[in-house]
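Asks: sequence and predicted model, in that order:
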2 protein chains.
Amino acid sequence: MEGDFKKIRGFGLKVTPQRLAIFSLVKADRTHPSAQEVYQEVARKHPEMSFATVYNTLSKLVEAGAVQELNIDPDKKRFDPRTSLHDHFYCRVCGKVYDVDGDVSLAPNIKTIAGHRVETVQLTFKGVCEACSRK
Amino acid sequence: MEGDFKKIRGFGLKVTPQRLAIFSLVKADRTHPSAQEVYQEVARKHPEMSFATVYNTLSKLVEAGAVQELNIDPDKKRFDPRTSLHDHFYCRVCGKVYDVDGDVSLAPNIKTIAGHRVETVQLTFKGVCEACSRK
DNA sequence: TTGGATGCAAAAGATTTGCACTCCC
DNA sequence: GGGAGTGCAAATCTTTTGCATCCAA
């Protein structure tokens, strides 16, 4: 997409076919994929893609604020293209991460806490999701 | 300590010298140590201690609710002996985790969200801590 | 006695790094 | 042309696992 081209450049990054592919995929993925999962998906259309490139690009996109890195899965980092205010639920049974719309915390406006400069806030719920509860 | 003996047994676990040492150390450590750090500390007094034992014991203690597992450090799990209500701040520069007393979220009483059964809630702030900001 | 706990070492994953080659600007 | 980006492979780090031995109850 033409828009992606401009956005990537807007982040101060060189535009390459790999970055276009990665950005385009992540942007549309609401499953909160890990880097491995992003790699596997992108590699389907771009078999020559290197894993390191996916890592590098994801980390650049996080730095640029284009996507959010979630530390919610105990085993690995996950990525979320939604930058608007929302929380997350992690199911310890199936491992899925759900978006929780409508923020429940008082925290979003906090710029400083206990003297520390706040850049991001994550409110995380863990437990058993509805689907797993029914089994 | 005699109290630890009873507590560990209360968790439904066999009482071993290793568990006493690990529990006693973690209970007193407010630096939110990783498993590696716990191991290194405990190993100073118990050189024969196995890393696997530390892992197993920590995971039992988490299951029992004796300590809390934090998914706040992007690189590894950390453990917190405080089970009372409080939040955390992670400094992306020095990597330290600070306790934030006085809970800022509206979430603590939530038992269900979007149909999912909630067991734990973590409110995490990230940024640059006061000490690192001054440098 | 006996099932759970431990120690050791190897394995499995996730993430990072070094380096030569490539290509965007 | 030059420096950032890429691909590949090896290295690192965290966490898990298999198994023989040991010990708390």
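Replies: Noted; the coordinates are in hand. What you see is a predicted model, and the numbers here were worked out from it, not measured in a lab.
Asks: and the longest strand along chain A, what other elements does it pack with?
Replies: Among the segments of chain A that qualify as a strand by DSSP state E, the longest is strand A:116-128. When contacts are defined as 3 or more Cβ pairs under 8 Å, 6 or more residues apart in numbering or on different chains; DSSP states H and E, strand A:116-128 sits against strand A:87-91, strand B:87-91, strand B:116-128, helix B:130-133. No exception for glycine: its C-beta is placed from N, CA and C like everyone else's.
Asks: that strand pairs with which strands, and in what direction?
Replies: For strand A:116-128, the paired strands and their directions (DSSP bridges) read strand A:87-91 (parallel), strand A:112-113 (antiparallel), strand B:116-128 (antiparallel).
Asks: please see if the first one touches DNA strand D.
Replies: No: for strand A:87-91, no contact with DNA strand D is found by Cβ under 7 Å from any atom of the strand; the gap never falls below 14.5 Å.
Asks: just the strands paired with strand A:116-128: most buried one?
Replies: Mean neighbour count, computed with mean count of other Cβ atoms under 10 Å in any protein chain shown, is highest for strand A:87-91 among these, reaching a mean of 23.
Asks: ok so, going back, for the strands paired with strand A:116-128, give me a markdown table that also has mean pLDDT and distance to B:D73.
Replies: Supplementary listing: the strands paired with strand A:116-128 in a markdown table, determined by pLDDT from 0 to 100; distance: least, Cβ to Cβ, whole Å:
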| stretch | mean pLDDT | distance to B:D73 |
| --- | --- | --- |
| strand A:87-91 | 96 | 16 |
| strand A:112-113 | 92 | 18 |
| strand B:116-128 | 94 | 10 |
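Asks: mind putting these in TSV, distance to DNA strand C included?
Replies: Formatted as TSV, the strands paired with strand A:116-128 follow (distance: least, Cβ to the nearest atom of the strand, whole Å):
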stretch	distance to DNA strand C
strand A:87-91	15
strand A:112-113	25
strand B:116-128	15
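Asks: need these in CSV with distance to B:H86, can you?
Replies: Converted to CSV, those look like this (distance: least, Cβ to Cβ, whole Å):
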stretch, distance to B:H86
strand A:87-91, 18
strand A:112-113, 12
strand B:116-128, 9
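Asks: list the buried residues of the longest helix along chain A.
Replies: Among the segments of chain A that qualify as a helix by DSSP state H, the longest is helix A:51-64. By neighbour count, with 16 or more other Cβ atoms under 10 Å in any protein chain shown as the criterion, the buried positions of helix A:51-64 are A:T53, A:V54, A:T57, A:L58, A:K60, A:L61.
Asks: residues contacting the residue lying farthest from the centre of chain A?
Replies: Residue farthest from the centre of chain A, counting by Cα atoms, centre = their mean, is A:K135 at 28.7 Å. Listed by Cβ atoms under 8 Å, 6 or more residues apart in numbering or on different chains, the contact set of A:K135 is empty.
Asks: quick one: distance of the longest strand of chain A to the chain centre.
Replies: Computed by Cα atoms, centre = their mean, to the nearest Å, the separation of strand A:116-128 from the middle of its chain amounts to 14 Å.
Asks: what of stretch A:110-117?
Replies: Averaged C-alpha coordinates place stretch A:110-117 at 24 Å from its chain's average position (Cα atoms, centre = their mean).
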